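>>> fold the stuff below for me.
(one chain, ligands or ions: 1)
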Amino acid sequence: MRSNLNNAIRFKYHQLAQGVRFGYHQARNLVKLDLGQRLTSPTLVANTLDQDDVKIAKSELKNRDHWFRADDVTVYEKTFADWNQSSYVFAFMGARVALSASIYALNLKPGDEVIIPGYTCVVVLNSFRFAGIKAVFGDIELDTYGLAAECVENLVTPKTKAILLHHLYGLVCRDYEQLLSIAQKHHLSVIEDCAMSTGAVFKDRKIGNYGDIAIYSSEQTKVFTTIQGGLAVTNRKDLADRLKGFYSQAAYPQEGYIDKLLHTVFINYFSFKHPHRWWREELVQILHEGKTLRSTTREEEQGVKPAHYGCRMPAPVARIGINQLRKIDAYNQTRRETSQNWDTWCRRNGYQQPFVVPDSTPVFLRYPVLVEPENKRDTRWAHVSPGVTPGVWFVSNIHPVAGELKSCPRANTAVRRCINFPTLLF
Ligand SMILES: Cc1ncc(COP(=O)(O)O)c(C=O)c1O
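You can find the predicted model right below:
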């Protein structure tokens, strides 16, 4: 009885504090308006979300009876396959899960070794860890931040079974063709991590179609978004059959998870994209408190497999994916156009432009630049000019987990110096 009363008082106090904070922030915004100052700046999250996606999310929250029907997921997979010029596509709840499915499809076994770039995300490493596979880190090049071909041959041992190459920031990796031929020479499979470069083209074909199997992400910071989501793609029938085996036994996420994901669609839209997010962000956060989905849990960052890991994509998420795919080319075109302004900024400020591989068309999810280490440690200079908040992917070799890979000096340079500018400037 007493504890109920305490909880009620605490709740009222919390609401009051939220109201006061909201009032204070909006008063501050009015002063800024009066002074002619900007109220919002471009963000790095969820910027392909629009009102139409919010509408879908709201309608899905109201009609829950068809959440676990497979047909719209199949439409999503088919739409992606056609758009990506690929034969077989399977939709999961994250590129990390698609990678686990790929590891299964390639029949990689505990004790096998896979060469991966020493400049990646912890969830990529986790997919190998969860399968008992040893990741061997290769250094990157600093033109496109991809795996450096010259480092790879020295790392091949009789236990090596595959190479994971990645295309970062929307670019096509510099040593693409060399890596493919090294893999062929040593009879290694190639996994392409296209999580950041969905839609980039090399020699008239979308990336991801050159290796054996590829993964794509629709997480909330990626080229297109379903908040959380990923695809495993292959053109090989034998691998497609094995991917299907993994997929068929994968569970759907629980209702509570899907509920949170759908809420995150409109929380993120009003927080990061809406032109009036200067006041709507805080309001939507208050109204839907506790409903935001985190991309990576703390336990995942520590290498622990979360309970909800390994799921396939359910229909409501696929419906948002279908809508996102309608817009992806237009957004990528805008990104490419914005990147030309960043080229000019680099030339004027004495920084090197990212390298565009001949015969490639990048999508510039972000525009990466190597700046002085102090300008990465504290990026507030960029708020003033050029007037954006840069991203800091990656802050460590196995982002965001602290620690340095001594064997990857160029990756360490990127960790110290690579920032990235937004390319959708809403
Ligand atoms: C290069 C790269 N690969 C894979 C992933 C995993 O993507 P997802 O969040 O969809 O699992 C990420 C995540 O940020 C990434 O940056």
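
>>> all helices for the stretch 1-150 of the chain, in order.
Listed in chain order, the helices of the stretch 1-150 of the chain (DSSP state H, counting those that start in this stretch) span 2-34, 51-62, 71-83, 95-105, 122-130, 149-152.

>>> tell me which residues of the second one come out buried.
Right, the one you point to is helix 51-62. Within helix 51-62, the residues scored as buried using 16 or more other C-beta atoms under 10 Å are 53-54, 56-57, 60. In short, each C-beta sits where N, CA and C put it, glycine included.

>>> what lies in contact with it?
Contacts of helix 51-62 from elsewhere in the structure, counted by C-beta atoms under 8 Å, 6 or more residues apart in numbering, are 67, 259, 262-263, 265-266, 269, 316, 319-320, 323-324.

>>> distance to the ligand added to those, as a markdown table?
Output for these, formatted as a markdown table (distance: C-beta to the nearest ligand atom, whole Å):
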| residue | distance to the ligand |
| --- | --- |
| 67 | 20 |
| 259 | 19 |
| 262 | 17 |
| 263 | 18 |
| 265 | 16 |
| 266 | 20 |
| 269 | 19 |
| 316 | 17 |
| 319 | 18 |
| 320 | 14 |
| 323 | 18 |
| 324 | 14 |
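
>>> tell me which of those fall in helices.
Residues from the contacts of helix 51-62 lying in helices, with DSSP state H as the criterion: 259, 262-263, 265-266, 316, 319-320, 323-324.

>>> please pick the buried ones from the residues you listed.
Neighbour-count burial (16+ other C-beta under 10 Å) applied to the ones in helices among the contacts of helix 51-62 gives 259, 262-263, 265-266, 316, 319-320, 323-324.

>>> still on that earlier bit, need the worst-confidence member of the ones in helices among the contacts of helix 51-62.
Ranked by pLDDT, the ones in helices among the contacts of helix 51-62 bottom out at residue 266 (94).

>>> residues in contact with it?
Applying C-beta under 8 Å, 6+ apart, one finds that residue 266 lies in contact with 54, 57-58, 284, 288.

>>> I'd like those as TSV, with distance to residue 155 and pLDDT appended.
Compiled in TSV, these are given as follows (distance: C-beta to C-beta, whole Å; pLDDT from 0 to 100):
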residue	distance to residue 155	pLDDT
54	46	98
57	44	98
58	50	97
284	47	93
288	47	91
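
>>> which one of those residues sits closest to residue 304?
For the contacts of residue 266, the minimum distance to residue 304 (C-beta to C-beta) is 27.6 Å, reached by residue 288.

>>> verify the stated contact: the closest one with residue 262.
No: proximity of residue 288 to residue 262 does not meet the contact threshold set by C-beta atoms under 8 Å, at 10.4 Å.

>>> part of a strand, is residue 295?
No: secondary structure assignment (DSSP: H, G, I helix; E, B strand; the rest coil) places residue 295 in coil, not in a strand.

>>> what's the burial count for the nearest residue to it once chain neighbours are set aside?
Nearest in space to residue 295, with sequence neighbours left out and distances taken as C-beta to C-beta, 6 or more residues apart in numbering, is residue 219 at 5.4 Å. By the other C-beta atoms under 10 Å criterion, the neighbourhood of residue 219 contains 24 residues.

>>> and residue 219, what does it touch?
When contacts are counted by C-beta under 8 Å, 6+ apart, residue 219 touches 94-95, 195, 225, 227-230, 295.

>>> correct me, but residue 199 touches residue 205?
No: between residue 199 and residue 205 there is no contact under C-beta under 8 Å: 11.7 Å.

>>> stretch 159-169: which residues count as buried?
With burial defined by 16+ other C-beta under 10 Å, the residues of stretch 159-169 counted as buried are 160-169.

>>> do stretch 245-260 as well
Going by 16+ other C-beta under 10 Å, stretch 245-260 has these buried residues: 246-247, 250, 252-253, 257-260.

>>> can you check stretch 419-426 too?
Buried residues in stretch 419-426, counting neighbours by 16+ other C-beta under 10 Å, are found at 419-425.

>>> sitting in strands, which of these do you find?
Per DSSP state E, strands hold the following members of the buried residues of stretch 419-426: 419-422.
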